[in-house]
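**Student:** Below are the sequence and a predicted model for it; my questions follow.
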Amino acid sequence: GSALTVGARGFEYNLTQQLLLGDTHKAGIAGQKTTEDSGEVLLLASALARGQGGTEGLHERVLPVPPEISVRLGRPNERARLGLMAQRRVDAAAMMRRDVLRPALRVLVQTGNREPSPTVRQALDRRTESWLRRFDAEVDAVFFENLWNEGDRRWRGILRQHGHAQLEAAISSVPLPSALRYRAVAGAEIRFRALADKHLPQEPHVGGDA
């Protein structure tokens, strides 16, 4: 019953997949896919983001949709199937960010200690935010290409790869006392792998989306 409101992060992959595949938002006439449509489709999203007492700028995204996917979007059952797969992958990315990468980064920046107090945790999260944003950007860059390629079931592995790449970037740039550096790096690596194995285990492919 109301128009879509876009935040400062614009048309990130989570929002874009909802607009294209979800049922939360109702598309306008131009966005209603039918089985008669053929060839590649371009999703063009453009909005002025709302901010506190002002705006957060104009955000745009152009997403190519391959012909074979375009046809399926006109079939409600197929569109719903793609939407469910996309949401599972969004949830997995959020889990990697929240439950694996962020805790590992906390261990690194506090030189190997695991359980900070809530006040210290807030300060640590501010220090780690840049690597989390880079992780989001990396996921955004590969999300739809991977989703369209349903033969690639390695989504958990892709998330682990990008998450670990940001941990390595942090290890290379975070200033650490030389006496504590080994403990900090080892603690962060151990924490990352333990949490990744717990939340995003790499299971052998036996069919279905991973």
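**Tutor:** Received the coordinates, thanks.
**Student:** Going by neighbour count, which residues in the helix or strand hosting residue 138 are buried?
**Tutor:** Following DSSP states H and E, one finds residue 138 within helix 118-148. Of the residues in helix 118-148, 124, 128, 131-132, 135-136, 138-140, 143-144, 146-148 count as buried by neighbour count, 16 or more other Cβ atoms under 10 Å. (Glycine included, C-beta is placed from N, CA and C.)
**Student:** do stretch 146-165 as well
**Tutor:** 146, 147, 148, 153, 155, 156, 158, 159, 160, 162, 163, 164.
**Student:** what are the ranges of the helices in the chain?
**Tutor:** 13-21, 67-73, 76-95, 102-109, 118-148, 155-173, 181-199 (DSSP state H).
**Student:** and these as TSV, adding mean pLDDT and distance to residue 49?
**Tutor:** Converted to TSV, the helices of the chain look like this (pLDDT from 0 to 100; distance: least, Cβ to Cβ, whole Å):
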stretch	mean pLDDT	distance to residue 49
helix 13-21	93	11
helix 67-73	88	26
helix 76-95	94	20
helix 102-109	91	25
helix 118-148	86	16
helix 155-173	95	25
helix 181-199	95	31
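**Student:** a markdown table for these, including distance to residue 43?
**Tutor:** Shown next, in a markdown table, are the helices of the chain (distance: least, Cβ to Cβ, whole Å):
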| stretch | distance to residue 43 |
| --- | --- |
| helix 13-21 | 6 |
| helix 67-73 | 10 |
| helix 76-95 | 13 |
| helix 102-109 | 30 |
| helix 118-148 | 10 |
| helix 155-173 | 21 |
| helix 181-199 | 31 |
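**Student:** closest one to residue 46 among those?
**Tutor:** helix 13-21 (11.8 Å; Cβ to Cβ).
**Student:** Isn't residue 61 up against residue 20?
**Tutor:** No. If you go by Cβ atoms under 8 Å, residue 61 and residue 20 don't touch, sitting 10.6 Å apart.
**Student:** Of these two, give the one with the bigger neighbour count.
**Tutor:** Taking other Cβ atoms under 10 Å, residue 61 and residue 20 do not tie; residue 20 has more neighbours (24 against 17).
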